[in-house]
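K.L.:
have a look at this fold, sequence not included:
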């Protein structure tokens, strides 16, 4: 089957764009999960309270900063991918 | 130490500066230089109204009381903003497409423009926001008091109450000045937004400055700070898992349900793409606002004397170290936080109150009010100004009577939970087409009741009847109904308890109510448009055709949009329809568009009600419902359109083919006739000439006997008569065709007309007999017609039957029947072979003859004349196929149909 050798994607850029949107959509869930982590630290059996004091403080803000960088990067990529509609792309909504 | 008077002066100049900035931005926008006023950065900064005095002062207090948990208030909105693609993007698109003016408007518009829901959400918003406004007034008043106590010239006892009153009055003035300049809530309040963006910068800079001062001025940088945090009592507060999750989600919900947030996020949004920037810059802003809270709290606890109010650390720390400039900046930051929140909240609430409470009352108080002339705009604007005043007055009164509460956080949480009751209806409305008005009403009401019972009213304590006994034992000793241990759920944090119960029951009842109720047509249309806002931004129309007068619409539109704007709108529409002037046709599409324009000013429900007064009821067509009913509505619509188009094409092709056939046949006929008529004219002419030549030559030599003479001259006479009959027919036809014929209308009995026609038709001629079967009884119909002309038609038909009926025993049946619409049908059916299908289309054409010329005596004009006569009599003649012979049907009105009456 010679035709199989050709990549089947007709609208490569819009495919990439949809995956970027997927990433942007999943990011808040990832962050939420990471922000729940301090709840697992400390507590009974340790000498630290749940959240582990300063460690929890640093954790929350580091995750926050990383999340911001990721969000900014995704938004930037998405804006650039948001150029003129190419033919056969289904990710473009009508205005 | 900072002198109190200088502080007051600084505060007043800052307020003046805000006025100037707002005024300048407003002027700039008026000149059309919106430029950076509409930049994504200004949009993002305006979102900072989320950070109120609760953030500026309260966050530190919160951190002192509960440790790291304070950060959840900012994590939630960050998550919501970072995940803007899920909800915010859709909300903003819906807001822009449907010209939504407030949360209440969104919910009301989604659920069939229901005003009940509009009122409910408005009430909820007012009740939920009032304590919050009180909180802002309180924090400004308290911060003044802090300076008063610290005044170097001796403590100045500031009257909290008076300060709050002055602040409230000033804010009311500012909001009324810049918040009600234009009616269309969708037009941005440039002045307000710019002022708020400026305030956003001030409070950010102030808090960060205090933070920097604390981290690098009072400690030895981050390393030392971490050690201090670990040593501080703040670090010993364990994080409560349930509260952590609950408050994160609650604050995420608050970002879209708080009236002020909805105002800046959705209503004031001027460009959807701003979300690309706001999606990460606003979380960054929150990050910056939260970063220094814990350090300030830790250091404040260490250095400030015991018993200091932790809610004021941001202010008292700089004062403690005599950092006058920093303290003033910090004060202005807190002032900015409080005022920006109050301004936006007041605008948002006043829009809701005027659109969902004042306008409906005004509309129903005067019947047909929408069509009267006069300017409604001033009324709406006054309603809005009065509402702003009312909202601030409520906030002040709340502050005055509650006496101010020490813990800012609890009020904020109560407010968040209250407005979050809108969330199920809102999310259900934009993601679930099955959500109905009934479900939304039931959900919001039940959530509201549970919130009030478990959270809002208990916050008033004994004043609201929530005595410690009631809290401990439940009303009437029913333990299951204890406000903070509902249905035996004990040992839970009160906030978690209230949020879980109210949201759970709210959502459950909303879903059940939606599942078991049936939406009205408008609801289904709106639902489909909201849920599928990205698929079809165009609208399905809900207005019936032809009820509204464009002029009435213009009168009403002028009153709401203003004369020139309305006229421009109408003019553009008229041009779009290809008309001159200012009155376009009131098509459903246009009414729909107009409704949206009006909705931008007075809300969807009111705009809808006003238009309904003029345009009559809403008529949702079957097609619209079909489009909504199915998931694949778009596909169906498209394919059905294609189908219709192809059907149309094939129909047109068929018609063209038919017309072509007819034309070809006619042309052939005409050719044939031309040869026939020349033949017909020539035959008598030839014989006339031949015989007249014989007569002439006989006149010369006198060789003709009298019999021959008589025979020849009879032939000449007959032939001449035949010629003139032909010419008469042609003339008659042309008169009838031009419509210049004068008919002699008279009252007559149809039976007599037929009798007369039969007499004329069966007399003389070649005497070929035809049996005529008539039904005398049915023929007695009193008619108003031209009896002579009708008789002429009948004679023609009967003569034709006599001439052409080729049966062995020719029989003609005449049936008379009265039919609908007071019309009469007369059928002539013989038992011959009938007319072949291919000829049926042309028999009524001029010069058409079925048989060859030999047998036919006429020129083929008879039926053409009949058709013209029938048309002139207001009736018709048609060939009736399938009657077992030749059959014609005459149909004509029983009495004369007079035009225009």
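P.N.:
It's in. In this text, all values refer to a predicted model and were calculated from it rather than measured experimentally.

K.L.:
can you map out the strands along the stretch 301-450 of chain B?
P.N.:
Secondary structure of the stretch 301-450 of chain B, counting by DSSP state E, counting those that start in this stretch: no strands present.

K.L.:
point out where it drops to low pLDDT.
P.N.:
Low-confidence segments of the stretch 301-450 of chain B (pLDDT under 70): B:366-375, B:403-409.

K.L.:
kindly report the same for the stretch 801-901 of chain B.
P.N.:
The stretch 801-901 of chain B contains residues with pLDDT under 70 at B:847-859, B:899-901.

K.L.:
just give the closest residue to residue A:55, not the sequence neighbours.
P.N.:
Residue nearest to residue A:55 in three dimensions, not counting chain neighbours: residue A:41, with 6.8 Å by Cβ to Cβ, 6 or more residues apart in numbering or on different chains. Glycine gets a C-beta too; all of them are placed from N, C-alpha and C.

K.L.:
and what of residue A:65?
P.N.:
Nearest non-adjacent residue to residue A:65, counting by Cβ to Cβ, 6+ apart: residue B:287, 6.9 Å away.

K.L.:
what number of residues are in the vicinity of the one you found?
P.N.:
Using other Cβ atoms under 10 Å in any protein chain shown, the number of residues around residue B:287 comes to 18.

K.L.:
now for the helix or strand hosting residue B:553, which elements pack on it?
P.N.:
Using DSSP states H and E, residue B:553 sits within helix B:550-561. Secondary-structure packing of helix B:550-561 (3 or more Cβ pairs under 8 Å, 6 or more residues apart in numbering or on different chains; DSSP states H and E): helix B:377-402, helix B:563-576, helix B:588-602, helix B:604-615.

K.L.:
flag every residue of chain A that's near chain B.
P.N.:
Residues of chain A lying close to chain B by Cβ under 8 Å from any Cβ of the partner chain are A:21, A:24-25, A:27-29, A:31-32, A:35-36, A:38-39, A:42-43, A:49-51, A:53-54, A:56-58, A:60-61, A:64-65, A:67-68, A:71-72, A:75, A:78-79, A:93-95.

K.L.:
among the residues you listed, name the buried ones.
P.N.:
Listed as buried from the residues of chain A next to chain B are A:21, A:24, A:27-28, A:31-32, A:35, A:38-39, A:42, A:49-51, A:53-54, A:56-57, A:60, A:64, A:67-68, A:71-72, A:75, A:78; burial here means 16 or more other Cβ atoms under 10 Å in any protein chain shown.

K.L.:
so which residue of the stretch 501-650 of chain B comes closest to chain A?
P.N.:
Going by Cβ to the nearest Cβ, chain A is nearest to residue B:534 of the stretch 501-650 of chain B, at 4.4 Å.

K.L.:
state the phi and psi torsions of that residue.
P.N.:
Main-chain torsions, residue B:534, degrees, to the nearest 10: phi -80, psi -20.

K.L.:
quick one: mean pLDDT over the helix or strand hosting the residue nearest to residue A:65.
P.N.:
For residue B:287, the host element (DSSP H and E) is helix B:274-291. When pLDDT is averaged over helix B:274-291, the result is 92.

K.L.:
so which bits of it are buried?
P.N.:
B:274-287, B:289-291.

K.L.:
equivalent analysis for stretch B:666-674, please.
P.N.:
Those would be B:666, B:669-670, B:672-673, for stretch B:666-674 by 16+ other Cβ under 10 Å.

K.L.:
do the longest helix out of those in chain B and chain A meet at all?
P.N.:
In chain B, with assignment by DSSP state H, the single longest helix is helix B:633-701. No. Judged by Cβ under 8 Å from any Cβ, helix B:633-701 and chain A are separated, with a smallest distance of 10.8 Å.

K.L.:
picking up where we left off before, in this structure the residue nearest to residue A:65 contacts residue A:67, no?
P.N.:
No. Using Cβ atoms under 8 Å, residue B:287 makes no contact with residue A:67, being 9.2 Å away.

K.L.:
ok so, going back, distance to chain A and mean neighbour count for the helices and strands packed on helix B:550-561 - can I get that in JSON lines?
P.N.:
JSON lines is the format used below for those (distance: least, Cβ to the nearest Cβ, whole Å; neighbours: other Cβ atoms under 10 Å in any protein chain shown):
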{"stretch": "helix B:377-402", "distance to chain A": "31", "mean neighbour count": "20"}
{"stretch": "helix B:563-576", "distance to chain A": "18", "mean neighbour count": "16"}
{"stretch": "helix B:588-602", "distance to chain A": "16", "mean neighbour count": "22"}
{"stretch": "helix B:604-615", "distance to chain A": "22", "mean neighbour count": "24"}
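
K.L.:
quick one: closest of the ones you listed to residue B:734.
P.N.:
Closest to residue B:734 of the helices and strands packed on helix B:550-561 is helix B:563-576 (Cβ to Cβ; 44.3 Å).

K.L.:
I'd like the mean pLDDT over that closest one, please.
P.N.:
Mean predicted confidence for helix B:563-576 is 79.

K.L.:
next, the angle helix B:377-402 makes with it.
P.N.:
Comparing the axes of helix B:563-576 and helix B:377-402 via axes from the mean of the first three to the mean of the last three Cα atoms, to 10 degrees yields an angle of 130 degrees.

K.L.:
pLDDT weak spots in chain A?
P.N.:
Residues of chain A meeting the criterion pLDDT under 70: A:1-11, A:52, A:82-95.

K.L.:
now do 80
P.N.:
Chain A contains residues with pLDDT under 80 at A:1-14, A:42-53, A:81-95.

K.L.:
just checking, what packs against the longest helix seen in it?
P.N.:
The residue-count maximum for a helix in chain A (DSSP H) belongs to helix A:54-81. On a contact count with 3+ Cβ pairs under 8 Å, 6+ apart, helix A:54-81 meets helix A:12-36, helix B:72-82, helix B:221-231, helix B:274-291.

K.L.:
got a list of what residue B:708 touches?
P.N.:
Contacts for residue B:708 were tallied using Cβ atoms under 8 Å, 6 or more residues apart in numbering or on different chains; there are none.

K.L.:
is it true that residue B:315 touches residue B:328?
P.N.:
No. Assessed by Cβ under 8 Å, residue B:315 is found out of contact with residue B:328, at 9.9 Å.

K.L.:
among the two, which residue is more densely surrounded?
P.N.:
Using other Cβ under 10 Å as the criterion, residue B:315 and residue B:328 rank with residue B:315 on top: 26 against 21.

K.L.:
residue B:332 versus the more buried one, what's the distance?
P.N.:
Distance, residue B:315 to residue B:332, by Cβ to Cβ, to the nearest Å: 11 Å.

K.L.:
ok, back up a step: format the helices and strands packed on helix A:54-81 as TSV; extra columns: distance to residue B:550.
P.N.:
What follows is those, written out as TSV (distance: least, Cβ to Cβ, whole Å):
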stretch	distance to residue B:550
helix A:12-36	44
helix B:72-82	45
helix B:221-231	70
helix B:274-291	37
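
K.L.:
which one, of those, ends up nearest to residue B:461?
P.N.:
Among those, the nearest to residue B:461 by Cβ to Cβ is helix B:72-82 (24.3 Å).

K.L.:
and the residue nearest to residue B:354 when sequence neighbours are not counted, what is it in contact with?
P.N.:
In space, and not counting its chain neighbours, residue B:354 is closest to residue B:383: 3.8 Å by Cβ to Cβ, 6+ apart. Residues near residue B:383 by Cβ under 8 Å, 6+ apart: B:353-354, B:358-359, B:362.
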